[in-house]
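Colleague: predicted structure and sequence below. I'll ask about it afterward.
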Amino acid sequence: MFEHFRWYKDLGNHQTAWAGHILYIYNQLPIWKPKTVVELGVYYGHSLATMAESCEDHKLNTKLYGVDHFKGDDHSGQFGSDIESIATNCLSKYPDVTLIKKTFNEALKDWKGDIDLLHIDGRHYYEDVKEDFTNWSKFVPIGGHIILHDTQVTERGFGVKKFFVELQEQHPDWEFSERTESHGLGIIIKRSKE
C-alpha cells in the first residue's frame, strides 16, 4: 500500500498506528501549505517522513521538526535504541527535517517562531495532551492547523478524545473535524486567539 513512498524501504517493516492517515496527510499538505511543521512524538517517523515527502514532492519549501527523546512512555512502551536509529536514518534522507532529541518541554525553551502545522502525538494521558497543546499551540497563528492523534482511543488512560471534545466546547469559533480510522485524528484550524 505504501511501497511508492521513499520512506518505505526504511519503515515498511514497522507497524504504525498512523497507517489510515498517511495518504490523507500527504494530500493535505499541498492544500495547507505550511512553512513550518512541528511533530511532538516521532516514534519510527512514518507521519513526519510522509509530511516531508509531500512537501518535497509539492515543492512547498517547508521546514519540519520532529521532537522526541526516543525513550518511550507508558503508552508506546520503552524504546530500544533501534527505534531512534531507524527514525534518524530514515528522516536524515529528507534535508528539510530536523530531529530535536529532547523532551517536549526542553525543546519548548528553545523554540521561536510560528508553527503552521502542529502534530501532537506524545504521551496520551489527558494532562499530558493538554499540557502539550497549551505549551505549543500559542505558536500556531490564526489559520494554522493542529492535529491530535488517537482521538478514538479511550482505554489505558488515553485522554486525547476527552481533550479534543473540551477544545470544541471552549473554542466554538475554531474549525474541528475528525478522522475515525487508525485510532482517530483530530484536525483543528485555529480561527482566533486563545
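Modeller: Nice, I can see it.

Colleague: against residue 33, how distant is residue 69?
Modeller: Residue 69 sits at a distance of 30 Å from residue 33 (criterion: Cβ to Cβ, to the nearest Å). Bear in mind the C-beta positions are built from the backbone N, C-alpha and C, glycine included.

Colleague: of those two, which one has the most company?
Modeller: Set residue 69 next to residue 33 and count neighbours by other Cβ atoms under 10 Å: residue 69 wins out with 18 against 14.

Colleague: did I read that right, that one in a helix?
Modeller: No: in this structure, residue 69 is coil, not part of a helix, as judged by DSSP: H, G, I helix; E, B strand; the rest coil.

Colleague: now do the SS call for residue 37.
Modeller: Once three-state DSSP is applied, residue 37 turns out strand.

Colleague: I misspoke; the intended subject was residue 148.
Modeller: Using three-state DSSP, the structure places residue 148 in strand.

Colleague: residues near residue 149, how many?
Modeller: 26.

Colleague: same deal with residue 100?
Modeller: 19.

Colleague: ok, which stretches of the chain are helices?
Modeller: 8-11, 22-32, 46-57, 81-91, 104-110, 126-136, 160-170 (DSSP state H).

Colleague: what's the most buried one of those?
Modeller: helix 46-57 (a mean of 23; mean count of other Cβ atoms under 10 Å).

Colleague: can you get me the start-to-end distance on stretch 120-128?
Modeller: Using Cα to Cα, to the nearest Å, the end-to-end distance of stretch 120-128 comes out at 10 Å.

Colleague: name the nearest residue to residue 56, sequence neighbours excluded.
Modeller: residue 94 (6.8 Å; Cβ to Cβ, 6 or more residues apart in numbering).

Colleague: picking that back up, now the helices of the chain as TSV including distance to residue 98?
Modeller: Formatted as TSV, these follow (distance: least, Cβ to Cβ, whole Å):
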stretch	distance to residue 98
helix 8-11	18
helix 22-32	17
helix 46-57	10
helix 81-91	9
helix 104-110	11
helix 126-136	16
helix 160-170	25
